[in-house]
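Student: Everything below, folded, please.
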Amino acid sequence: MKPTNTADRPWHLSYQGGCSQETSWSQHGMPYLFPAFLDLVRSSTPGVHLDVGCGNGVKTAAFAAAGLQAVGVDISTDALISASQTSYVQAPRYACARGEALPFRDQSIASISDILMCTHLDEVAWPRYFREIRRVLKDGGYVVLVLFSMADLHFHGHPVSRRYTFRYDPANPTMLGFAHYHGMVNVHFDLADIQTAFANGFDIVEAVQVQHPVYTERFLWNVILHKPMPSVRASSTATHSSSTATHE
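Tutor: You can find the predicted model right below:
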């Protein structure tokens, strides 16, 4: 899949030659809430785990190694080629697809991971994506998210706000090596933003803000969502905010 808009371009460039900075995404390790998420998934109905925005498959492979039936999707064919050429003991499957148009049947996915994908969606793509997540996820399923934080001092030299487009400035030395990020949409969250963004259709099981594993001036939110069963959905919607576990 080739870039269809300016916001797609950074993801394709990140996995092509010519970038002076390798994406830090592969250096992050698994999310802080990975163990807690696995415990929840293993205690629920088994099935396919979907890793949305899988990139080069490093994290998809970790979900597979943990015993999940992992499938990764990404818009970058270069990333997926890299993923498919890497040998793993438990080899995941991959598909080229957008998060806003997932090629899966209704309620066919048992669990979902989104590690720094939806934190780059614009206002148009955001509601479409979460309609798709709710559509494909089984009732009772879990989602783990990693999101940018409003506590960040800056994003590779760019001022941080709740939603903005990264503009590369060659005169800014902190941006050196990140020209391929030009046009990238970034969305940063505080706890109130998280509670508002995911109130429709999900319970927030836990939300934790942690230090970024690579950049000392930045932080990341880890969030676990639960799609309630139909019989409890109405009541859980009314009470989800009071049961949210948070750590800052």
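Student: Partner strands of the biggest strand by length in the chain and their direction?
Tutor: Secondary structure of the chain per DSSP state E: the longest strand is strand 137-149. Here strand 137-149 has these sheet partners by DSSP bridges: strand 109-115 (parallel), strand 185-189 (parallel), strand 219-226 (antiparallel).
Student: Nearest to A151, out of the ones you listed?
Tutor: strand 219-226 (4.6 Å; C-beta to C-beta). The way it works is simple: take the backbone N, C-alpha and C, and place the C-beta from them, glycine included.
Student: Quick check: buried residues in that closest one?
Tutor: For strand 219-226, the neighbour count (16 or more other C-beta atoms under 10 Å) marks F219, L220, W221, N222, V223, I224, L225, H226 as buried.
Student: Can you say which of the strands paired with strand 137-149 is nearest to S149?
Tutor: Nearest of the strands paired with strand 137-149 (C-beta to C-beta): strand 219-226, 3.9 Å.
Student: Run through who's touching the closest one.
Tutor: Outside strand 219-226, the residues within contact range by C-beta atoms under 8 Å, 6 or more residues apart in numbering are 31-33, 36-37, 40, 116, 140-149, 151-152, 189, 194, 198, 202-213.
Student: could the strands paired with strand 137-149 go into JSON lines alongside distance to R163?
Tutor: Shown next, in JSON lines, are these (distance: least, C-beta to C-beta, whole Å):
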{"stretch": "strand 109-115", "distance to R163": "17"}
{"stretch": "strand 185-189", "distance to R163": "5"}
{"stretch": "strand 219-226", "distance to R163": "15"}
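Student: State the distance from the residue lying farthest from the centre of the chain to G157.
Tutor: Farthest-out residue of the chain from its mean C-alpha position, per C-alpha atoms, centre = their mean: A171, at 30.8 Å. Distance, A171 to G157, using C-beta to C-beta, to the nearest Å: 10 Å.
Student: any low-confidence regions in the chain?
Tutor: Applying pLDDT under 70 to the chain flags the ranges 1-25, 87-90, 232-248.
Student: before we move on, back to that, quick check: the two most widely separated of the buried residues of strand 219-226?
Tutor: Longest span within the buried residues of strand 219-226, C-beta to C-beta: F219 and H226, 23.6 Å.
Student: what's the span of stretch 98-112, first residue to last?
Tutor: 14 Å (C-alpha to C-alpha, to the nearest Å).
Student: buried sites along it?
Tutor: For stretch 98-112, by 16+ other C-beta under 10 Å, it's R98, G99, E100, L102, F104, Q107, I109, A110, S111, I112.
Student: contact partners of it?
Tutor: By C-beta under 8 Å, 6+ apart, stretch 98-112 touches 1, 37, 41, 44-53, 68-69, 73, 75, 95, 97, 114, 117-118, 121, 125, 128-129, 132-133, 135-139, 141-144.
Student: ok, of these, which come out buried?
Tutor: 37, 41, 47-53, 68-69, 73, 75, 97, 114, 117-118, 121, 125, 129, 132-133, 136-138, 141-144.
Student: Spell out the residue ranges of the helices in the chain.
Tutor: Secondary structure of the chain (DSSP state H): helices at 9-14, 34-42, 58-65, 77-84, 125-136, 191-197, 230-243.
Student: Check the ones you listed for me and report the most buried one.
Tutor: Mean neighbours per residue, mean count of other C-beta atoms under 10 Å, is largest over the helices of the chain for helix 58-65, with a mean of 22.
Student: Now do S76 against K59, distance only.
Tutor: 15 Å.
Student: Kindly report the same for V205.
Tutor: In terms of C-beta to C-beta, V205 sits 20 Å off from K59.
Student: next one: G72
Tutor: 8 Å.
Student: if I look at the two, which residues touch both of them?
Tutor: Common contact partners of G72 and K59 (C-beta under 8 Å, 6+ apart): D51.
Student: With Q107 as the reference, measure out to the residue lying closest to V73 once chain neighbours are set aside.
Tutor: Nearest residue to V73, sequence neighbours excluded (C-beta to C-beta, 6 or more residues apart in numbering): A97, at 4.4 Å. With distances taken as C-beta to C-beta, A97 is found 18 Å from Q107.
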